[in-house]
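Participant: Provided below are the primary sequence and the corresponding predicted coordinates.
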Amino acid sequence: MKITLLPASIPYIDDPMPEWVDEWGVQLFVKVELEGKEGFGEVLVAGSGVISSYMGVFRDLIIPVLEKKEGNVSINEVYEILEKMLFSAGLSSITLGSISGVEMGLWHVYSRLVERPIYYLLGGKVRDSVPVYASFPRYKSVDDVIKAANRAIERGFKIVKIHQPPAMVKETLKKIRETFGDIQVAVDLNSPFDYSTAIKFLNEIYKYDVEWIEEPIYPPNDYDSLKKLSKDFPIAAGENEYTLQGFKKLLDADLLYIQPDISKIGGISKFLKVLALAETYNVKVMPHLRPQRSAIALFHTLQVALTRNIISSVEFPLAEIPSDLFKVSFKVRDGLVNVPDDISIDEEVLKSKYSFKEKIRILKFSDLADKNI
């Protein structure tokens, strides 16, 4: 087995332009080569783009261990070995995210070895297209959000989700309702509040008929506060959860949706376990994906979504995904997306047009928007 890291910088370019052009422009792809075939996975580089930490996990451990393996390689065994070797470093985004990239790459390479799509390996499709919603980046003004909502409707979406700082959320929702009437809208808060502040804020915005509210509480795994909020509000969370035990606590908190991220929690195998757990609670899953202009983790998530109705909708970028890089096309119509059977990365285009550019990329979530950094 051969593993190659493909870091990239795909800036978020669209009309309107977002506040975060480069902040979401850090990607790490993993190419896995086995028996003459290659497959691609993706690592979500969280933590404001600390890509060297993820690459260090690969170079120090994953690559030296896995490149000794040849022939019949078990995906489940690879996951178990890597997790147990890395657990003392913390089962979190950097360790499990790194495993996610190679694990997805293995699923992809196996699908190519048997010349069948990944959904075939998962038992076959239960639907031909998948519901998606337009996940906005952060914009500089309310008017830009309104312009983006127009774009979303033009591009085939029925649901939009905003990522505005708390100080702009109420005004933004008011303007959306005045402009578009009954368009479905959700709010991602990215953990800015304590419980008492969250209660006050959610009471102020809920009159705007919000579909769901993501991560209102800091820290995001304050399960007791989430449970109390869920009694009165449609709460979603899970993008910062990594273990089955953590997801069980979220499910016990009676959330409307849980939101595992396939590129953070360990890949497809772990993702399937979270789906199975959610089924026992009869809770729908709405997978998290960073709304960047990247396609690999999105492709893998959609492959799974074709096979599992418990996935109600998938987070999807508003901006166009570069087809020159990924050799794939996603068409959204009436809130549904077609799912291609395969995907690839043009490494020459990556090197010439999207090569990784090292810089500080601070995502000003929570209350960081008010900090002078």
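Facilitator: Done, it's in. None of these values were measured; they are calculated from a predicted model.
Participant: what's in contact with stretch 328-342?
Facilitator: Stretch 328-342 is contacted from outside by 111-112, 117, 119, 129-133, 155-159, 295, 298-299, 302-303, 305-306, 314, 316, 321, 323, 343-344, using C-beta atoms under 8 Å, 6 or more residues apart in numbering. C-beta: built from backbone N, CA, C; applies to glycine.
Participant: Name only those of the residues you listed that count as buried.
Facilitator: Buried members of the contacts of stretch 328-342, counted by 16 or more other C-beta atoms under 10 Å: 111-112, 117, 119, 129-133, 157-159, 295, 298-299, 302-303, 305-306, 314, 316, 321, 343-344.
Participant: And the helices in this protein, which stretches?
Facilitator: 51-57, 63-66, 75-86, 93-113, 118-121, 142-154, 166-180, 195-205, 223-230, 244-252, 268-281, 296-305, 323-326, 347-353 (DSSP state H).
Participant: CSV please, covering the ones you listed and showing distance to residue 188 and mean pLDDT.
Facilitator: Formatted as CSV, these follow (distance: least, C-beta to C-beta, whole Å; pLDDT from 0 to 100):
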stretch, distance to residue 188, mean pLDDT
helix 51-57, 23, 96
helix 63-66, 34, 96
helix 75-86, 28, 95
helix 93-113, 17, 97
helix 118-121, 28, 98
helix 142-154, 13, 98
helix 166-180, 10, 96
helix 195-205, 12, 97
helix 223-230, 15, 98
helix 244-252, 16, 97
helix 268-281, 19, 98
helix 296-305, 17, 98
helix 323-326, 25, 96
helix 347-353, 29, 98
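Participant: Go through those helices and pick out the most buried.
Facilitator: Of all these, helix 296-305 carries the top mean neighbour count, a mean of 27, counting by mean count of other C-beta atoms under 10 Å.
Participant: Can you tell me what sits against stretch 109-117?
Facilitator: Contacts for stretch 109-117 (C-beta under 8 Å, 6+ apart): 32-35, 37-39, 75, 118, 120-121, 303, 341-342.
Participant: Same list as before, those residues that is, but in a markdown table and with distance to residue 371 included.
Facilitator: A markdown table is the format used below for the contacts of stretch 109-117 (distance: C-beta to C-beta, whole Å):
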| residue | distance to residue 371 |
| --- | --- |
| 32 | 40 |
| 33 | 44 |
| 34 | 46 |
| 35 | 51 |
| 37 | 47 |
| 38 | 43 |
| 39 | 41 |
| 75 | 42 |
| 118 | 42 |
| 120 | 48 |
| 121 | 46 |
| 303 | 39 |
| 341 | 45 |
| 342 | 44 |
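Participant: From these, pick the one nearest residue 207.
Facilitator: residue 303 (38.6 Å; C-beta to C-beta).
Participant: who are the neighbours in contact with the closest one?
Facilitator: 117-119, 122, 339 are the contacts of residue 303 under C-beta under 8 Å, 6+ apart.
Participant: Let's see that with 6 Å instead.
Facilitator: Shown in contact with residue 303 (C-beta atoms under 6 Å, 6 or more residues apart in numbering): 118-119.
Participant: and it, how far is that from residue 18?
Facilitator: From residue 303 over to residue 18 the distance is 28 Å, taken as C-beta to C-beta, to the nearest Å.
Participant: so what's residue 133 up against?
Facilitator: The neighbours of residue 133, taking C-beta under 6 Å, 6+ apart as the test, are 159, 313.
Participant: Roughly how far does it sit from residue 230?
Facilitator: Using C-beta to C-beta, residue 133 is found at 20 Å from residue 230.
Participant: Kindly report the same for residue 180.
Facilitator: Residue 180 is 27 Å from residue 230, by C-beta to C-beta.
Participant: for residue 104, same thing?
Facilitator: The separation that residue 104 has from residue 230, given C-beta to C-beta, amounts to 31 Å.
Participant: ditto for residue 80
Facilitator: According to C-beta to C-beta, residue 80 and residue 230 sit 33 Å apart.
Participant: And for residue 328?
Facilitator: Relative to residue 230, and taking C-beta to C-beta, residue 328 is found at 37 Å.
Participant: same check, this time on residue 122
Facilitator: Counting by C-beta to C-beta - residue 122 and residue 230 are separated by 30 Å.
Participant: And for residue 300?
Facilitator: Distance from residue 300 to residue 230, by C-beta to C-beta: 29 Å.
Participant: now swap in residue 52 and tell me
Facilitator: For residue 52 relative to residue 230 (C-beta to C-beta), the value is 38 Å.
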